[in-house]
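K.L.:
structure for this input, please:
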Amino acid sequence: MLNDIKVFGFWIYLMTDLVIFAVLFATFVVLRHNTYGGPSGHDLFELPSVFAETMLLLTSSFTCSLVTLAVHRKQKNQIILWILATFALGGGFLALELMEFHHLISTGDSWRRSGFLSAFFTLVGTHGFHISIGMLWMLVALVRIWLKPMSEACISQVYRFAFFWHFLDFVWIFIFSVVYGMGILS
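P.N.:
Predicted coordinates:
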């Protein structure tokens, strides 16, 4: 019964995240041409870097799926291996995103420059924050799996994490398409 409540609470949380990202996307779309005489996405975005971020995150989605397969088979060593792989790929994604932010800020193109950049940093930064939370969740799950036997609660936690991680990949596909795709083309 308690696990059912946790699962229900998780889905409520995920739906609130969906609403948050929908609002952030709507805000970005409205403000994307509000550059206040500054650079637009076409001037700032570098497709190879964004494509590398995308490949890292999509590959991490694949390794996360391998985590769930290993959990289903109760293969503890495989679970640990694929969580570590997912963590490394997520870390690579986050590092590239932080490098992009650092580059933009160091060239004077911070969130304070225009409505476009404010919306960009808020949307992409919120996604990056969620990636950081997912990585923390992975570490907690990893320690739990390493130290304790595989219980139903642990299995449920890993499945919920996988849904969360795949949700972030889904959001990133929209960020890639709407933010970077429309930004480079405009």
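K.L.:
lowest confidence element among the helices and strands of this protein?
P.N.:
Lowest on mean pLDDT, DSSP states H and E among the helices and strands of the chain sits helix 182-185, with a mean of 80.
K.L.:
ok, and for that helix, which residues are buried?
P.N.:
Using 16 or more other CB atoms under 10 Å as the test for burial, helix 182-185 gives G183, I184. The C-beta positions use only the backbone N, C-alpha and C, and glycine is treated the same way.
K.L.:
phi first, then psi, for Y36.
P.N.:
For Y36, the backbone dihedrals (degrees, to the nearest 10) come out as phi 50, psi 40.
K.L.:
please look at it and S114 and confirm they touch.
P.N.:
Yes. Using CB atoms under 8 Å, Y36 is in contact with S114, at 4.1 Å.
K.L.:
which one's more surrounded, these two?
P.N.:
Shown here are Y36 and S114; by other CB atoms under 10 Å, S114 has more neighbours (20 against 9).
K.L.:
quick check: next helix or strand after the longest helix belonging to the chain?
P.N.:
Ordering each helix of the chain by length in residues (DSSP state H) puts helix 115-147 first. Of the helices and strands lying after helix 115-147 in sequence (DSSP states H and E), the nearest is helix 152-174.
K.L.:
ramachandran coordinates for R113?
P.N.:
Dihedral angles (degrees, to the nearest 10) for R113: phi -80, psi -40.
K.L.:
list the contacts of it.
P.N.:
Y36, G38 (CB atoms under 8 Å, 6 or more residues apart in numbering).
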